[in-house]
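In: Could you look at this predicted model? Sequence included:
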Amino acid sequence: MVPLQRCSDGQFVVGKDGVQSIVATGDRKVEFIAFDDRTIAYVKSALGYPAYYPIHSVRIDAPVRAVLMDLDGTSVHSEAFWIWIIQLSVASLTDNPNFELEEADLPHVSGHSVSEHLQYCINKYCPNRTVEQARTFYFQHTDREMQAILDGHGRTGAFTPTPGLKDFLLELKGRNIKIALVTSGLYQKAWPEIVSAFQALGLGDPKEFYDAIVTAGFAIRNGEVGTLGELSPKPHPWLYAEAARVGLGIDFTQRHYVIGIEDSGAGVCSIRLAGFAPIGFAGGNINKSGTRALCTHFADRFDQILSLL
């Protein structure tokens with residue numbers, strides 16, 4: 001965590017109005033303002049819609065009744081594919097086919113919404129372009145590559161189930177623990193990925209296996225009906241909150257019987273802001289984003305998580 005003297009929007013200053021401390025995640029996406037009797041979080045927005053949220057206490061009470069699981073990077077190794085799509089989009093936007101993202105860009109182009117990822121790249125690489133122009137290229141590349149995968153000649157290894165996922169899911173089922181899959185990905189990119197992974201696992205229809213599946217909805221494009229999703233995904237709490245309360249029917253007062261598993265800093269923040277205990281999962285950008293301190297536990301493998309349930 002990075003200590004600050006004032007919140008980036010100027011609303012809170014250490015030592016004034018009861019503010020005891022202010023810290024930010026390493027990627028500066030979320031700031032935490034601590035008072036004597038409470039803590040609140042400020043979630044920044046590249047698109048101009050920041051928000052404040054209360055921070056609730058978290059713990060894990062046994063037996064765990066529900067597990068909320070991220071898709072990209074946690075359940076399926078796919079982050080490299082979607083970062084590549086972002087890179088292709090920026091290459092088209094800058095008319096530079098040789099464009100490549102830098103290592104420092106990676107925490108900012110995964111875990112958040114498509115528009116947040118693209119706006120970051122625009123700010124850095126082509127400030128004269130718009131997120132609307134970038135989204136046009138993004139969906140052109142996405143539609144082409146997803147169709148190629150469905151046709152059997154797409155990018156090799158785009159969607160690979162995480163080792164140990166099948167045994168972990170079946171163990172949860174055997175213990176009668178509810179499972180929700182939660183992703184910031186839009187439906188058109190998330191659903192083929194989920195189906196592809198379940199085909200590889202031999203687990204049948206994911207709609208019948210999971211107790212709830214929540215995506216960021218449908219893209220807003222000309223001639224189509226879109227849904228809320230681009231301004232409300234991780235690190236905002238709403239996807240995980242809706243998965244638990246609406247999808248699984250778990251009341252907020254029972255939140256300590258729920259855990260969330262994430263490999264991204266944005267996802268860890270989302271779980272924490274929703275009031276659940278975040279289990280960090282190795283392989284993502286949790287360490288680079290400076291959010292490991294928000295995790296109640298950290299695991300390298302799924303079998304390590306079973307002991308917490």
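Out: Arrived safely, thanks for sending. Residues are numbered from 1 along each chain as shown.

In: doesn't residue 246 make contact with residue 211?
Out: No: in terms of CB atoms under 8 Å, residue 211 does not count as a neighbour of residue 246; the distance is 11.6 Å. The way it works is simple: take the backbone N, C-alpha and C, and place the C-beta from them, glycine included.

In: who has more neighbours, those two?
Out: Set residue 211 next to residue 246 and count neighbours by other CB atoms under 10 Å: residue 211 wins out with 17 against 11.

In: Next one: the nearest residue to residue 245 once chain neighbours are set aside from residue 271, what distance?
Out: Leaving aside its chain neighbours, residue 245 sits nearest to residue 252 (6.7 Å; criterion: CB to CB, 6 or more residues apart in numbering). Separation of residue 252 from residue 271 (CB to CB, to the nearest Å): 14 Å.

In: Also residue 123?
Out: Applying CB to CB to residue 123 and residue 271 gives a distance of 27 Å.

In: Those two: which has the busier surroundings?
Out: For residue 123 versus residue 271, neighbours defined as other CB under 10 Å are more numerous around residue 271 (33 against 12).

In: Find me the pLDDT at that one, would you?
Out: Confidence at residue 271, expressed as pLDDT, is 98.

In: What's the first helix or strand after the strand or helix carrying it?
Out: Secondary structure from DSSP states H and E places residue 271 in helix 265-273. Sequence-wise, the next helix or strand downstream of helix 265-273 (DSSP H and E) is strand 277-281.

In: and that following strand, what does it pack onto?
Out: Applying 3 or more CB pairs under 8 Å, 6 or more residues apart in numbering; DSSP states H and E, we find strand 277-281 packed against strand 258-262, helix 265-273, strand 297-299.

In: Buried residues of the last one, list them for me.
Out: If I follow you right, that is strand 297-299. The neighbour-count check on strand 297-299 (16 or more other CB atoms under 10 Å) flags 297, 299 as buried.

In: what comes up buried for the longest helix seen in the chain?
Out: Criterion DSSP state H: the longest helix present in the chain is helix 131-150. Neighbour-count burial for helix 131-150 flags 131, 133-139, 141-142, 145-146, 149 (criterion: 16+ other CB under 10 Å).

In: quick one: the strands in this structure?
Out: 2-4, 21-24, 30-34, 39-43, 51-54, 66-70, 76-77, 160-161, 178-182, 212-214, 258-262, 277-281, 297-299 (DSSP state E).

In: tell me the angle the worst-scoring helix or strand of the chain on mean pLDDT makes with helix 131-150.
Out: Ranked by mean pLDDT, DSSP states H and E, the helix or strand of the chain with the weakest confidence is helix 187-201, at a mean of 89. Relative orientation of helix 187-201 versus helix 131-150 (axes from the mean of the first three to the mean of the last three CA atoms, to 10 degrees): 30 degrees.

In: Kindly calculate the angle that helix 187-201 makes with strand 178-182.
Out: Angle, helix 187-201 to strand 178-182, by the same axes, to 10 degrees: 130 degrees.

In: Now do helix 187-201: everything it contacts.
Out: 71-72, 75-76, 78, 82, 139, 142-143, 146, 149-150, 158-161, 165-166, 169, 181, 183, 185, 204-206, 209, 213, 215-219 (CB atoms under 8 Å, 6 or more residues apart in numbering).

In: which residues of the stretch 101-250 of the chain score low on pLDDT?
Out: Within the stretch 101-250 of the chain, no range satisfies pLDDT under 70.

In: Show me the domain layout of this protein.
Out: 2-54, 66-77+159-306, 79-150 (automatic domain parsing).

In: Among the ones you listed, which comes closest to residue 60?
Out: Nearest to residue 60 among the domains of the chain is domain 66-77+159-306 (4.9 Å), distances taken as CB to CB.

In: That closest one spans what distance, first to last residue?
Out: Taking CA to CA, to the nearest Å, domain 66-77+159-306 runs 12 Å from one end to the other.

In: Could you give the bridge partners of the nearest residue to residue 54 once chain neighbours are set aside?
Out: Sequence neighbours aside, residue 40 is the residue nearest to residue 54 in space, at 5.8 Å (criterion: CB to CB, 6+ apart). The partner list for residue 40 in beta bridges (DSSP bridges) reads residue 33, residue 54.
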